[in-house]
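> One predicted model, sequence on top.
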Amino acid sequence: MDIQTDAGRYPRLDGGAVKDVGRLLLRCGDRPGLVAAVSAFLARSGANIVSLDQHATEQSGGTFMQRTIFHLPGLAAARDGLERDFAEQVATQFEMDFRLTEASKPKRVAIMASKDDHCLLDLLWRNRRGELDMSVVMVISNHADLADRVRPFGVPFLHVPATKDVRAQAEERQLDVLRGNVDLVVLARYMQILSPRFLVEVGCPLINIHHSFLPSFIGAAPYRQAKERGVKLVGATAHYVTDELDEGPIIEQDVVRVDHRHGVSDLVRLGADVERAVLSRAVLWHCEDRIIRYGNQTIVF
């Protein structure tokens with residue numbers, strides 16, 4: 001699945017940030033007149049629609065979802081009033097859940113990792129190259145091993161030892177630095193289970209990367225399990241985190257073909273390549289407000 005990024009498509013400030021571009025995501029029960037109501041509101045507000053994507057789960061009576069990109073001069077100053085007016089004039093009438101964001105304000109992202117560095121370093125590298133529109137504000141790890149590898153990127157590294165014996169204390173320290181400070185937490189092969197309390201109190205979505213197609217080969221040594229089963233595909237899944245382990249809404253998946261000539265180390269290497277690509281796409285789409293959650297599914301525009 002190849003989705004073009006928003007970068008380079010809209011007017012930009014001298015510093016490179018997208019200028020006066022808004023993103024409106026909404027979800028509600030499907031009924032006639034929804035697109036017209038949204039479009040008319042934006043027109044009355046002086047906005048020009050740049051792109052509009054929509055999806056209804058049924059021909060009638062289902063759930064309607066829409067992502068609208070618009071340009072409005074002076075959006076930063078008008079944003080709060082625009083959001084308030086949309087809620088009063090459109091969202092209340094149609095019982096919509098909606099989110100209005102400014103493309104010029106990158107998401108503040110924290111990355112959590114353990115000892116494996118491939119997903120972490122890939123995200124930092126892509127972000128430095130400008131491929132991911134986000135601001136990485138910290139890296140948190142339950143091991144100190146990755147500190148030297150993170151340092152060249154100029155991102156604060158926080159070592160918080162975490163095992164099942166000290167999980168509560170570790171999570172409290174993590175929450176102290178995350179609450180109210182980030183818009184997204186990315187688990188880049190963070191090998192600790194997070195408690196339901198943590199997921200509630202962190203106050204933002206979390207995205208996890210999982211080897212294989214869920215729920216195959218869970219637990220220890222997944223690639224050895226895969227080799228022993230003689231798999232023909234190695235894959236990865238990126239999903240939102242819920243309190244049901246590895247059962248959250250799937251954002252992106254991909255695979256690479258393997259055969260009998262590949263050993264366990266080959267599967268690990270090929271799997272790491274897929275994990276990097278899948279996680280970076282999922283993070284990109286979230287940061288560009290392309291994802292609408294629908295039950296335990298996602299709609300990616």
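On my side now, so go ahead.
> how about stretch 85-104: buried residues?
Using 16 or more other C-beta atoms under 10 Å as the test for burial, stretch 85-104 gives 86, 90-91, 94, 96, 98, 100-104. The way it works is simple: take the backbone N, C-alpha and C, and place the C-beta from them, glycine included.
> ditto for stretch 229-245
For stretch 229-245, the neighbour count (16+ other C-beta under 10 Å) marks 231, 234-241 as buried.
> which among the residues you listed gets closest to Met112?
Distances from Met112 to the buried residues of stretch 229-245, taken as C-beta to C-beta, are shortest for Val241 (10.6 Å).
> separation between that closest one and Glu83?
27 Å (C-beta to C-beta, to the nearest Å).
> what does Leu52 give?
Leu52 is 18 Å from Glu83, by C-beta to C-beta.
> for Val166, same thing?
In this view, Val166 and Glu83 are 42 Å apart by C-beta to C-beta.
> Please say which of these two ends up with more neighbours.
Neighbour count, other C-beta atoms under 10 Å: between Val166 and Glu83, Glu83 has more, with 17 against 13.
> Which of the helices or strands spans the more buried one?
Here Glu83, judged by DSSP states H and E, is contained in helix 75-86.
> same question, Glu228
In the assignment (DSSP H and E), Glu228 maps to helix 222-229.
> list the helices and strands the lowest-mean-pLDDT helix or strand in the chain packs on?
Lowest on mean pLDDT, DSSP states H and E among the helices and strands of the chain sits helix 222-229, with a mean of 79. With contacts taken as 3 or more C-beta pairs under 8 Å, 6 or more residues apart in numbering; DSSP states H and E, helix 222-229 sits against helix 264-287.
> can I get the buried residues of stretch 85-104 in JSON lines with secondary structure, distance to Arg293 and pLDDT?
Formatted as JSON lines, the buried residues of stretch 85-104 follow (DSSP: H, G, I helix; E, B strand; the rest coil; distance: C-beta to C-beta, whole Å; pLDDT from 0 to 100):
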{"residue": "Phe86", "secondary structure": "helix", "distance to Arg293": "20", "pLDDT": "98"}
{"residue": "Val90", "secondary structure": "helix", "distance to Arg293": "21", "pLDDT": "98"}
{"residue": "Ala91", "secondary structure": "helix", "distance to Arg293": "17", "pLDDT": "98"}
{"residue": "Phe94", "secondary structure": "helix", "distance to Arg293": "18", "pLDDT": "97"}
{"residue": "Met96", "secondary structure": "coil", "distance to Arg293": "14", "pLDDT": "97"}
{"residue": "Phe98", "secondary structure": "strand", "distance to Arg293": "13", "pLDDT": "98"}
{"residue": "Leu100", "secondary structure": "strand", "distance to Arg293": "17", "pLDDT": "98"}
{"residue": "Thr101", "secondary structure": "strand", "distance to Arg293": "15", "pLDDT": "97"}
{"residue": "Glu102", "secondary structure": "strand", "distance to Arg293": "21", "pLDDT": "96"}
{"residue": "Ala103", "secondary structure": "coil", "distance to Arg293": "20", "pLDDT": "95"}
{"residue": "Ser104", "secondary structure": "coil", "distance to Arg293": "24", "pLDDT": "93"}
